[in-house]
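>>> My questions concern the predicted model and sequence given below.
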Amino acid sequence: MNVDPAKLSLSNFLGGESDDPLQPPPSFTNWMQLGAWAVELYEPELLSTADARTTINYAGKPQSVINFCSYNYLGLANHPDVLAAAHEALRTHGLGACGSPMLSGMTDLHRELERRVAKFLNREDAMLFNSGFGGALGTISGLLRKSDVAILDNRSHLSLRDGAILSRCRTEKFEHNDPASLDVALARQKGRRQLVVVEGIYSMDGDFGNLQEVIDVADAHGASVFIDEAHSMLSCGQHGRGAAEHFGVEDRFPLVYGTFSKAFGALGGFVAGSKETLQYLRFYAHPYVYSCALPPVVIAAILKALELGTSQPELRAKLWENAEYFHAQLDKLGFDTGASTTYVMPIVIGDRELMYRLGHELRRRGLWVAPVDYPAVPQNRICFRACVTAKHTRADLDEALNILEDTLVPALLQKQSA
């Protein structure tokens, strides 16, 4: 492929180039070799816990970094009480569930977590998935059928889009957080069952879903609405019940989806709603039926994390205090953070080669932010994503800001003047 490698992206290598589907396209392998310096920023080796400051393997050596790559929003992944609960479950229940929830993987701990999540969210029931991605995919694909229509915000997570594709239903997209665009999309598909899919916080943009207006438009068309609270659950709302609680619209979502891999500090996902709907999903959500259940040791840790996250609102308060401070300072430095108003913040670079070069400079300086390339974001919004947590100190935030100012500001000014 005789094209500047810097102008290519993952979208250029979707077609097969040989007779063997098990072989990757040779042009992709060549592209990866040419861009090895950029690829080095991905799949970093964490040598310590996912704390606000941690150690990673960089250039073959341990590198101490301020960690802005972690979803450990409330710091519960490393909380001593959470670890103690996991140790106790390891003693009493062993390591793995060793079976599908349907057949042999369900334990008393799983049932207790289902009850606790349902009570926490004021729902009749809850069911657990061993993967956040798989749970969202399984819920959407389990609910929808070929004759239905899924109408998704165009910034929806891939798990939601893949779920719609797996169901073989029709799919529509509407412009991000745009109720007028949603109205047009719904009008195009009149006469079919319609499910509007939104998120509490969008994982790349760091902005809240426009929940109130989206629900109003959906109601006007008689469409149902589904919310994914992956990045907002336990971190938003007076009681931690997510963006729907934050905006006072909880009772307008029959189902709520969330994950345990963000503020809970573990892994897995869950959906909460009516007993009848969840009983149906237990048989039709394939990742639930045909996957091994979450290990009991993880379930015990999540139970303790839920207890701490709901009984210590000061953790949420500190998270938002840190987020507001960091946002304000980024604004003062002139960084483009898009529409973000939360603890997830894109720092837009808009140039692939420049982003990767700066990414290496930041890691050498001891700042760990995530490089986000197309197609995860639009070409002109290529960025670093910074996730602030409750466990970052003011010193952590200020040091990170100094590194960003020293490294990014001159490079972006030079880019603007070129």
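Received, thanks.
>>> Would you mind confirming that residue 71 makes contact with residue 266?
No - judged on Cβ atoms under 8 Å, residue 71 makes no contact with residue 266 at a distance of 10.4 Å. Placement of C-beta: from N, CA and C, glycine included.
>>> The two: which is more packed in?
Comparing residue 71 with residue 266 by other Cβ atoms under 10 Å, the one with more neighbours is residue 266, at 25 against 21.
>>> which stretches of the stretch 1-150 of the chain have low pLDDT?
Low-confidence segments of the stretch 1-150 of the chain (pLDDT under 70): 1-3, 6.
>>> how about the strands in the stretch 301-418 of the chain?
Applying DSSP state E, counting those that start in this stretch to the stretch 301-418 of the chain gives strands spanning 344-348, 367-368, 370-372, 383-387.
>>> Can you give me the domain assignment for the chain?
Following the assignment in automatic domain parsing, the chain carries domains at 40-69+313-417, 78-311.
>>> so where does residue 245 fall, helix or strand?
For residue 245, the host element (DSSP states H and E) is helix 243-246.
>>> and the helix or strand following that helix, what other elements does it pack with?
Next along the chain after helix 243-246, taking DSSP H and E as the criterion, comes strand 256-259. If you count contacts as 3 or more Cβ pairs under 8 Å, 6 or more residues apart in numbering; DSSP states H and E, strand 256-259 packs onto helix 132-143, strand 224-228, strand 269-273.
>>> What mean pLDDT does the second one get?
For strand 224-228, the per-residue pLDDT values average out at 98.
>>> if we can go back for a sec, rebuild the strands of the stretch 301-418 of the chain as TSV, extending it with mean pLDDT and mean neighbour count.
Output for the strands of the stretch 301-418 of the chain, formatted as TSV (pLDDT from 0 to 100; neighbours: other Cβ atoms under 10 Å):
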stretch	mean pLDDT	mean neighbour count
strand 344-348	97	23
strand 367-368	98	24
strand 370-372	94	20
strand 383-387	97	24
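>>> right, and the ones you listed - which one's nearest residue 30?
strand 370-372 (21.0 Å; Cβ to Cβ).
>>> For that closest one, which strands pair with it and how are they oriented?
strand 383-387 (antiparallel) (DSSP bridges).
>>> centre of the chain versus the strand it pairs with, how much separation?
Centroid displacement of strand 383-387 relative to its chain, using Cα atoms, centre = their mean, to the nearest Å, is 13 Å.
>>> what about residue 85, how many neighbours?
Neighbours of residue 85 (other Cβ under 10 Å): 22.
>>> Burial check on the residue lying closest to it once chain neighbours are set aside, number of neighbours?
Using Cβ to Cβ, 6 or more residues apart in numbering and skipping the chain neighbours, the partner closest in space to residue 85 is residue 304 (3.9 Å). For residue 304, the neighbour count with other Cβ under 10 Å is 22.
>>> wait, what's in contact with residue 304?
79, 81, 82, 84, 85, 86 (Cβ atoms under 8 Å, 6 or more residues apart in numbering).
>>> tell me the contacts of the nearest residue to residue 245 once chain neighbours are set aside?
Leaving out its chain neighbours, the residue that sits closest to residue 245 by Cβ to Cβ, 6+ apart is residue 237, at 3.1 Å. Counting by Cβ under 8 Å, 6+ apart, residue 237 touches 243, 244, 245, 246.
>>> Just send those residues back as TSV, with pLDDT, neighbour count and distance to residue 220 too.
Converted to TSV, these look like this (pLDDT from 0 to 100; neighbours: other Cβ atoms under 10 Å; distance: Cβ to Cβ, whole Å):
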residue	pLDDT	neighbour count	distance to residue 220
243	98	25	21
244	98	25	19
245	98	21	24
246	98	19	23
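>>> and which of those residues is nearest residue 120?
Checking the contacts of residue 237 one by one against residue 120 (Cβ to Cβ), the nearest turns out to be residue 245, at 10.7 Å.
>>> wait, isn't the closest one in contact with residue 233?
No - Residue 245 is beyond contact range of residue 233, at 9.7 Å (criterion: Cβ under 8 Å).
>>> ok, how many other residues are close to residue 88?
14.
>>> wait, what's in contact with it?
So residue 88 contacts residue 300 (Cβ under 8 Å, 6+ apart).
>>> circling back: by neighbours, which of the contacts of residue 304 wins?
Most surrounded of the contacts of residue 304: other Cβ under 10 Å gives residue 82, at 24 neighbours.
>>> so that one, which of the three states?
Taken by DSSP: H, G, I helix; E, B strand; the rest coil, the conformation at residue 82 corresponds to helix.
>>> hey, C-alpha coordinates of the longest helix anywhere in the chain in CSV?
In terms of residue count, the longest helix belonging to the chain (DSSP state H) is helix 394-417. The C-alpha coordinates for helix 394-417 follow below in CSV (Å, rounded to 0.1, in the frame of the first residue of the first chain):
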residue,chain,number,x,y,z
ARG,A,394,-3.9,18.1,44.4
ALA,A,395,-0.2,17.6,44.1
ASP,A,396,-0.8,14.8,41.5
LEU,A,397,-3.1,17.0,39.5
ASP,A,398,-0.8,20.0,39.6
GLU,A,399,2.2,18.0,38.5
ALA,A,400,0.2,16.5,35.7
LEU,A,401,-0.9,20.0,34.6
ASN,A,402,2.7,21.2,34.7
ILE,A,403,3.8,18.3,32.4
LEU,A,404,0.9,19.0,30.0
GLU,A,405,1.8,22.7,29.9
ASP,A,406,5.4,22.0,29.2
THR,A,407,4.9,19.3,26.7
LEU,A,408,1.6,19.9,24.8
VAL,A,409,1.2,23.7,24.8
PRO,A,410,4.3,24.5,22.7
ALA,A,411,3.6,21.7,20.3
LEU,A,412,-0.1,22.7,19.8
LEU,A,413,0.9,26.4,19.3
GLN,A,414,3.5,25.4,16.7
LYS,A,415,0.8,23.2,15.0
GLN,A,416,-1.6,26.1,14.9
SER,A,417,0.9,28.5,13.4
